[in-house]
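> Take a look and give me a structure for this.
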Amino acid sequence: MAARISPDSVWVLGAHMTRFARYPDRDLIDLASESAMGALADGEVAVGDIDVLACGALFQASGAVGQRIQKQIGQTGVPVYNVANACATGATAIRTVIMAIKAGEARMGLAVGAEQMGKMGLLGGGAAKKEKKVFEPSGRYGAVTGVDGRLGTETMPGVFAQAGMAYAHDHDGVGFEQFARVAYKNHLHSTLNPLAQYQKEFSLDEIMESPMMSYPNTLLMCCPTGDGAAAVVLVSGERLASMPAHVRKRAVKVSASVLTSDPFTEDCHVQPDVNTLTRNAADQAYEAAGVGPDDLDLVELHDCFATAELIHYDNLGLCEPGGAGEFIDSGGPFRDGATPVNVSGGLISKGHPIGATGVANVFEVTTHLRGEAGDRQVEGASVGLAHVIGLASACGVHILEKAAA
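Sure, this is the predicted structure:
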């Protein structure tokens, strides 16, 4: 399957990602600007061609990061949007540019995701403590119950551990080993990705015997914090059609761009529902793109923890309902499997600088559809899906297609 250019379509023209790592000697704007300039160069355009800029940076969202990037790469007076949407921050920046193009307000835009986290500790631990007063019952905020989980957990490992254990309770063939196998796969994949924060293979035993964070998630089944940036240049089909043939050939169509939040469910007051908003986003994206899960050649999904990846096999329709355990045991999501998942190493090994993640997932899929992923290339890839979820709540799904020859 390959996409043809129509005037009202939106395409990824340029893409860039820094290596995810820890950069004590560089600041957030340096990383974001490097990626922005890299994406412009990759698309063979200049900052003067950009009609709109959207920047996602969760922990620095109030710092006018987009405008500060402009001061490094060029101030042209275009609209700048600074967005924050939990772990879906980068995907939201992309969608912001896409909406501007779809509305006819821009023909070309730049979406940047960046974060500098360093060693923050467990995701959600500090944030939950700061926000706890907001969610306690009070007349001012109208809350009727806490939202810190059935068992009182305040950390992301606990939330996703509960989600994974609920899935294991309801479906046969899912246990500690299946969750660990997800992490084994992603650490293995990362050895082929020079941009990954960690590039080391671990045995299944090493993963299962590493320190327990929140059962069944051990340390090696949890994503690290870190620093990094990613950026994409997006362009309308009308503008792309006027560009040189070699540029058009590398462009990747955005066949679907969807953002959802939690609908009301019975459990949502006591445990964040990480399933329903993903299922809703996936269903909308498949319908918009005119494809189904069987058409996907690769998926980059939000594996903040091994339990998260396994349940999202089911949420995204990559396996039969209830069949996530069988899917991982069969090798289905491995690089040479039926539907490769997180060939980049995923968040577990590639890293998770929160604001950058949603853009980085689109970068990875784009790179494979262009046939430019090097040793980790999924051969013949023509359709891919990028997924990210944030417990604000938000879920972003983008489906990308290779350009027609």
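> Okay, now the unreliable bits of the stretch 251-400 of the chain?
268-270 (pLDDT under 70).
> Can you list the residue ranges for helices in it?
276-289, 306-315, 324-329, 346-350, 354-369 (DSSP state H, counting those that start in this stretch).
> just checking, what packs against the first one?
Counting contacts by 3 or more CB pairs under 8 Å, 6 or more residues apart in numbering; DSSP states H and E, the secondary-structure elements packed against helix 276-289 are strand 252-260, helix 306-315, strand 383-390, strand 394-402. Yep, even glycine has a C-beta here, placed from its N, CA and C like the rest.
> Can you redo the helices of the stretch 251-400 of the chain as CSV, where the extra columns are distance to Asp42 and mean neighbour count?
CSV is the format used below for the helices of the stretch 251-400 of the chain (distance: least, CB to CB, whole Å; neighbours: other CB atoms under 10 Å):
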stretch, distance to Asp42, mean neighbour count
helix 276-289, 24, 20
helix 306-315, 28, 27
helix 324-329, 34, 22
helix 346-350, 19, 31
helix 354-369, 10, 30
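> And the helices and strands packed on helix 276-289: which comes nearest Ala106?
Ranking those by distance to Ala106, with CB to CB as the measure, places strand 252-260 first at 14.0 Å.
> Now do that closest one against strand 383-390, angle only.
Calculated by axes from the mean of the first three to the mean of the last three CA atoms, to 10 degrees, strand 252-260 forms an angle of 30 degrees with strand 383-390.
> Strand 252-260 packs against which elements?
strand 10-17, helix 89-102, helix 276-289, helix 354-369, strand 394-402.
> what's the third one in contact with?
Residues outside helix 276-289 that contact it (CB atoms under 8 Å, 6 or more residues apart in numbering) are 255-263, 265, 292-293, 312, 315-317, 385, 387, 389, 393-399, 401.
> picking up where we left off before, now the helices and strands packed on helix 276-289 in a markdown table, please, with extra columns for distance to Val97.
A markdown table is the format used below for the helices and strands packed on helix 276-289 (distance: least, CB to CB, whole Å):
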| stretch | distance to Val97 |
| --- | --- |
| strand 252-260 | 10 |
| helix 306-315 | 25 |
| strand 383-390 | 15 |
| strand 394-402 | 12 |
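> right, and those - which one's nearest Ala91?
strand 394-402 (2.9 Å).
> Could I get the full set of helices for the stretch 1-150 of the chain?
28-42, 65-73, 89-102, 125-135.
> so can I have JSON lines of those helices showing distance to Glu209?
Formatted as JSON lines, the helices of the stretch 1-150 of the chain follow (distance: least, CB to CB, whole Å):
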{"stretch": "helix 28-42", "distance to Glu209": "35"}
{"stretch": "helix 65-73", "distance to Glu209": "40"}
{"stretch": "helix 89-102", "distance to Glu209": "33"}
{"stretch": "helix 125-135", "distance to Glu209": "24"}
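> so Pro272 makes contact with Ser393?
Yes: at 6.3 Å, Pro272 counts as touching Ser393 under the criterion of CB atoms under 8 Å.
> Overlap of the contact sets of those two?
In the contact map built from CB under 8 Å, 6+ apart, the residues linked to both Pro272 and Ser393 are Asp262.
> which stretch of helix or strand covers Gln178?
Assigned by DSSP states H and E, Gln178 falls within helix 176-190.
> Packing partners of the helix or strand following that helix?
Using DSSP H and E, the next helix or strand after helix 176-190 towards the C-terminus is helix 204-209. Applying 3+ CB pairs under 8 Å, 6+ apart, one finds that helix 204-209 makes contact with helix 176-190, strand 217-218.
> So which of the ones you listed is nearest Arg335?
helix 176-190 (6.0 Å).
> name the helices or strands packed onto the closest one?
The helices and strands touching helix 176-190, judged by 3+ CB pairs under 8 Å, 6+ apart, are helix 204-209, strand 217-218, helix 306-315, helix 324-329, helix 346-350.
> residues touching the nearest residue to Arg239 once chain neighbours are set aside, list them.
In space, and not counting its chain neighbours, Arg239 is closest to Arg107: 4.2 Å by CB to CB, 6 or more residues apart in numbering. When contacts are counted by CB under 8 Å, 6+ apart, Arg107 touches Asp51, Ile101, Val235, Ser236, Glu238, Arg239.
> Could you identify the buried members of the contacts of helix 276-289?
The neighbour-count test (16 or more other CB atoms under 10 Å) applied to the contacts of helix 276-289 identifies 255-260, 262, 312, 315-317, 385, 387, 389, 393-399, 401 as buried.
> hang on, Thr92 packs against Gly396?
Yes: at 6.4 Å, Thr92 counts as touching Gly396 under the criterion of CB under 8 Å.
> Find the residues that touch each one of these two.
What both Thr92 and Gly396 touch, as defined by CB under 8 Å, 6+ apart, is the set Leu259, Gly358.
> if we can go back for a sec, quick one, which of the helices and strands packed on helix 276-289 gets closest to Gly158.
Gly158 lies closest, by CB to CB, to one member of those: helix 306-315, at 10.5 Å.
> Val182 and Ala288: what is the separation?
Here Val182 is placed at a distance of 28 Å from Ala288 (CB to CB, to the nearest Å).
> tell me, how many neighbours does the nearest residue to Gly237 once chain neighbours are set aside end up with?
Nearest residue to Gly237 in three dimensions, chain neighbours excluded: Ser9, at 3.7 Å (CB to CB, 6+ apart). Ser9 has 21 neighbouring residues, counting by other CB atoms under 10 Å.
> do the same with the one 4 residues further on
For Leu13, the tally of surrounding residues (other CB under 10 Å) stands at 29.
> Compare the helices and strands packed on helix 176-190 and give me the one nearest Ala373.
Among the helices and strands packed on helix 176-190, helix 346-350 comes nearest to Ala373, with 12.9 Å by CB to CB.
> any chance of the helices and strands packed on strand 252-260 in CSV, with distance to Pro333 too?
Formatted as CSV, the helices and strands packed on strand 252-260 follow (distance: least, CB to CB, whole Å):
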stretch, distance to Pro333
strand 10-17, 22
helix 89-102, 21
helix 276-289, 16
helix 354-369, 14
strand 394-402, 17
